[in-house]
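Asker: sharing a model that was predicted from the sequence below.
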Amino acid sequence: MAPSILWFRRDLRLSDHPALHEAVRLGGSDGVVPVFVLDEEFLAPAGPTRATFLASCLEALESSMGSSLTILSGDPAAELTALATGLGAAHVVVTGDYGPSGVRRDHRVATQLEAAGVRFHRVSSPYCVEPGTVLGSSGAPVKVFGAFRRRWEVIGPHNVLPVPDVSFVPVASTASIRDLVARAGNRRPALFGDLPDAPPSGLPAAGEAAATAALEAFVQGPIDTYGHDRNLFAVPGTSRLSPHLRFGTIHPRTAVAAAAGGGEGAATFISEIAWREFYADVLHHHPDSVREPLQAKMSRLVVDVGPDAEERFRVWARGETGIPLVDASMRQLLAEGWMHNRGRMLTASFLIKHLHLDWRWGARWFMWRLIDGDLASNTHGWQWTAGTGTDAAPYYRIFSPVAQAERFDPRGDFIHAQIPSLAEIAAPAVLQPGGGVDLLHQADYPAPMVDLATERAEALRRLEETKDG
Ligand SMILES: Cc1cc2nc3c(=O)[nH]c(=O)nc-3n(C[C@H](O)[C@H](O)[C@H](O)COP(=O)(O)OP(=O)(O)OC[C@H]3O[C@@H](n4cnc5c(N)ncnc54)[C@H](O)[C@@H]3O)c2cc1C
């Protein structure tokens, strides 16, 4: 026999890892060669922030397996075929990838490996229920979240698996983990202009141990009040598991198992995990939705383009719109590589409905900066907010930045934390456009770039036009 090869991608952990179990079985006493491939095609849309976080995930994985992670660089089909034939390995095992480019790449890799006599095994997925599994009674994909969730719960997550007894076989690397940051992000859109690229100084701890600790801390505390606190900007009321789920340093099955049997907060948390799975399912059935509105008629919506529009986009991305809660959220993205869910909805709504810009511009910036940047959740979070996606609510819903601040940051604590120049201005003034800065209150803060009421009316006018065709 010869060792099997386990190709890590979005599953950078050892526990609850069905593909690892399969690799152990196939490798037998010859063990498992663990590999990660630096594939520029896949690293290109990630900015330096997510690349830095990914590098830390890989370092943690490597140290958990006794430094035996092999790092290759180049086209995975060529790299893995050369590795497998060199070792005489008969099996390459992966966790299934359901993103549109991942599916194409895996098809190519499988074809090339199999032509060389090496079998390619796709085992499990980064989800509790594999995309494409939940179907309606007619056998068609389910289009709305409520129905998806009911069926998803019945199919249900399977049991959590322990770490297997495994012997990892080290093979010489041809690249290093730190090369990854240099190779990421070579497709920076010209639209970003002079927007900052440097990663935040304090990214969260990465790797399986950090993910497990985050889950434990959440389950022992905030989960009970999650249903309420998850909406509050200044309260650390959510799990912060998204970057860990993104890179598979924890599996959602493990998170659901830890929450199962809990109270109302736990049930809401499991429901949010189901949203992640719903969006993966929607993307699986509609790979074009990365670029095109899910609701075709919404492609008629008129958006602003040209140099002025691009400059407005950059003002938004820098968090300098003069609308405090929008700016605080955009600055949180720059400062942490993460943004509160309500901030994501609000800033997306502002870009689309108050600035009349294309949702895809905002989605690209999020994918560039977020450490949890995930094609399915991001695309459909944006489409939901734009009213072009899966949302059953009226397409003309427009978030009011002031009303959102009054409800979810009433004392302005989050605004004060993210925009120090507004620290001296108390609520309710600081919640208003311009942050209450006037002749009496001087502060280094921009005047509002738009009048909220005027642009809301303009958005409704454009949306009405779309509806009428
Ligand atoms: C415009 C927009 C863009 C988004 N982009 C991303 C993205 O790139 N990556 C990403 O992981 N999430 C994205 N989300 C979803 C959500 O904002 C984040 O998952 C959440 O804020 C992460 O914080 P948390 O882990 O503390 O979440 P928690 O509230 O603790 O939720 C637990 C988990 O449930 C999932 N989840 C929660 N809310 C959602 C949601 N609305 N949609 C899908 N899954 C959800 C996440 O995996 C999350 O980690 C986006 C939402 C919007 C509105």
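Answerer: Looks like it arrived, so ask away.
Asker: what about the stretch 51-200 of the chain, any weak spots by pLDDT?
Answerer: 157 (pLDDT under 70).
Asker: and the residue of it that's closest to the ligand?
Answerer: Of all residues in the stretch 51-200 of the chain, Phe145 sits closest to the ligand, at 9.5 Å by CB to the nearest ligand atom. All C-beta spots, glycine's among them, are computed from the backbone N, C-alpha and C.
Asker: name the nearest residue to that residue, sequence neighbours excluded.
Answerer: Phe278 (5.2 Å; CB to CB, 6 or more residues apart in numbering).
Asker: are we agreed that the one you found is in a helix?
Answerer: Yes: counting by DSSP: H, G, I helix; E, B strand; the rest coil, Phe278 is found in a helix.
Asker: next up, the contacts around the residue of the stretch 51-200 of the chain closest to the ligand.
Answerer: Ala274, Trp275, Phe278, Thr390 (CB atoms under 8 Å, 6 or more residues apart in numbering).
Asker: element containing the residue of the stretch 301-450 of the chain found nearest the ligand?
Answerer: Using CB to the nearest ligand atom, the single residue of the stretch 301-450 of the chain nearest to the ligand is Gly381, 2.5 Å away. Element membership of Gly381 [criterion: DSSP states H and E] is helix 375-386.
Asker: CA atoms of that helix as CSV?
Answerer: Only the C-alpha atoms of helix 375-386 are listed here, as CSV (Å, rounded to 0.1, in the frame of the first residue of the first chain):
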residue,chain,number,x,y,z
LEU,A,375,-19.3,33.7,-1.4
ALA,A,376,-22.8,32.2,-0.6
SER,A,377,-23.6,34.1,2.6
ASN,A,378,-22.1,37.4,1.2
THR,A,379,-23.8,37.2,-2.2
HIS,A,380,-27.2,36.4,-0.8
GLY,A,381,-26.8,38.7,2.2
TRP,A,382,-26.4,41.5,-0.4
GLN,A,383,-29.1,40.2,-2.7
TRP,A,384,-31.5,39.9,0.3
THR,A,385,-30.8,43.5,1.3
ALA,A,386,-31.0,44.7,-2.3
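Asker: so how far is it off the chain centroid?
Answerer: Chain-centre distance of helix 375-386: 10 Å, with CA atoms, centre = their mean, to the nearest Å.
Asker: show me what that helix packs onto, helices and strands only.
Answerer: On a contact count with 3 or more CB pairs under 8 Å, 6 or more residues apart in numbering; DSSP states H and E, helix 375-386 meets helix 264-285, helix 341-349, helix 359-369.
Asker: list the buried ones in the longest one?
Answerer: Buried residues in helix 264-285, defined by neighbour count with 16 or more other CB atoms under 10 Å: 265-266, 268-270, 272-284.
Asker: same check on stretch 167-181?
Answerer: Buried-residue list, stretch 167-181, by 16+ other CB under 10 Å: Phe168, Val169, Val171, Ser173, Thr174, Ala175, Ile177, Leu180, Val181.
Asker: can you tell me which of those end up in helices?
Answerer: Leu180, Val181 (DSSP state H).
Asker: and the ligand, which of the contacts of Phe145 reach it?
Answerer: For the ligand, the contacts drawn from those by CB under 6 Å from any ligand atom are Trp275.
Asker: for the ligand, state which of the contacts of Phe145 is nearest.
Answerer: Nearest to the ligand among these, counting by CB to the nearest ligand atom, is Trp275 at 4.0 Å.
Asker: now do the same contact list for the closest one.
Answerer: Here Trp275 is in contact with Phe145, Ser377 (CB under 8 Å, 6+ apart).
Asker: before we move on, the earlier item: now render the helices and strands packed on helix 375-386 as CSV, adding mean pLDDT.
Answerer: Listed next are the helices and strands packed on helix 375-386 as CSV, based on pLDDT from 0 to 100:
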stretch, mean pLDDT
helix 264-285, 96
helix 341-349, 97
helix 359-369, 96
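Asker: export those helices as a markdown table, with columns for distance to Ala426.
Answerer: Listed next are these as a markdown table, based on distance: least, CB to CB, whole Å:
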| stretch | distance to Ala426 |
| --- | --- |
| helix 264-285 | 31 |
| helix 341-349 | 21 |
| helix 359-369 | 30 |
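Asker: wait, which of these is closest to Val37?
Answerer: helix 359-369 (20.6 Å; CB to CB).
Asker: show me what the closest one is packed against.
Answerer: Partner elements for helix 359-369 (3+ CB pairs under 8 Å, 6+ apart): helix 48-64, helix 307-318, helix 324-336, helix 341-349, helix 375-386.
Asker: which residues touch the second one?
Answerer: The reference is to helix 307-318. Helix 307-318 is contacted from outside by 191-196, 303-304, 321, 326, 330, 334, 347, 350-351, 355-357, 361-362, 365, 449, using CB under 8 Å, 6+ apart.
Asker: grab the CA positions of that helix and hand them over as PDB.
Answerer: What follows is helix 307-318, C-alpha atoms only, in PDB (Å, rounded to 0.1, in the frame of the first residue of the first chain):
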ATOM      1  CA  PRO A 307     -16.300  58.500 -11.600                       C
ATOM      2  CA  ASP A 308     -18.700  60.300  -9.200                       C
ATOM      3  CA  ALA A 309     -20.500  57.100  -8.300                       C
ATOM      4  CA  GLU A 310     -17.100  55.400  -7.800                       C
ATOM      5  CA  GLU A 311     -16.000  58.100  -5.500                       C
ATOM      6  CA  ARG A 312     -19.200  57.800  -3.500                       C
ATOM      7  CA  PHE A 313     -18.500  54.100  -3.200                       C
ATOM      8  CA  ARG A 314     -15.000  54.900  -1.700                       C
ATOM      9  CA  VAL A 315     -16.500  57.400   0.700                       C
ATOM     10  CA  TRP A 316     -18.800  54.600   1.900                       C
ATOM     11  CA  ALA A 317     -16.000  52.100   2.200                       C
ATOM     12  CA  ARG A 318     -13.800  54.500   4.200                       C
END
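Asker: next helix or strand past the top strand by length along the chain?
Answerer: Longest among the strand segments of the chain by residue count, using DSSP state E, is strand 32-38. Downstream of strand 32-38, the next assigned helix or strand under DSSP H and E is helix 40-43.
Asker: next, the buried residues of that following helix.
Answerer: Phe42, Leu43.
Asker: again with stretch 91-101
Answerer: Applying a neighbour-count criterion of 16+ other CB under 10 Å, one finds His91, Val92, Val93, Val94, Thr95, Gly96, Asp97, Tyr98, Gly99, Pro100 buried in stretch 91-101.
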